[in-house]
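# here is my input, please return the structure:
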Amino acid sequence: MIKSLVLKELGKIPATILREQGYEIVEAQDGTEAVNHLKEGQPFNLLFTDVVLPGGMSGVQIAAQAKDIQLNIKVLYTTGYTESAIVHQGQLDPGVTMVNKPYRRAELLEKVRAMLDRESG
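Down below sits the predicted model:
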């Protein structure tokens, strides 16, 4: 089973969409809780986070810690901002996958499936 860590800041819809497709979802209230789930040793296939989050940690910071803990975890970002910490001059940083808000159900599922199907690099 594919296990995904989803930040609650994204709302209920993404977690519901992924659950309906058979993904096991663990929701984290904030970055600290997300990192704690990872440190507990639970293996996650995917981290889905917004780039900009309230509460001190950005999605980029959470992802960096996640990759330190679980090297092969895939990270899918979302944002409603055209300029962010992972987009520079209209280009995503290398190795970054993002789904822009607002996104459709099919678009989210397509991005997630493509990421999970990709070999770990």
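
# assign the most centrally placed residue in the chain to helix, strand or coil.
Closest residue to the average C-alpha location of the chain: residue 48 at 1.7 Å, with Cα atoms, centre = their mean. Judged by DSSP: H, G, I helix; E, B strand; the rest coil, the three-state class of residue 48 is strand.

# same deal with residue 54?
Following three-state DSSP, we place residue 54 in the coil state.

# burial count for it?
10 (other Cβ atoms under 10 Å). C-betas here are computed from N, CA, C, even on glycine.

# now the biggest helix by length in the chain: buried residues?
Ranked by residue count and defined by DSSP state H, the top helix of the chain is helix 105-117. Residues 108, 109, 111, 112 are the ones in helix 105-117 that count as buried (16 or more other Cβ atoms under 10 Å).

# distance of the first one relative to residue 64?
Between residue 108 and residue 64 the distance, using Cβ to Cβ, to the nearest Å, works out to 23 Å.

# again, but for the third one
Distance of residue 111 to residue 64, given as Cβ to Cβ: 20 Å.

# what residues does the host helix or strand of residue 27 touch?
Using DSSP states H and E, residue 27 maps to strand 24-28. For strand 24-28, contacts defined as Cβ atoms under 8 Å, 6 or more residues apart in numbering pick out 1-8, 15, 18-19, 34, 36-37, 42, 44.

# what about 6 Å?
1, 3, 4, 5, 6, 7, 8, 15, 18, 19, 34, 37 (Cβ atoms under 6 Å, 6 or more residues apart in numbering).
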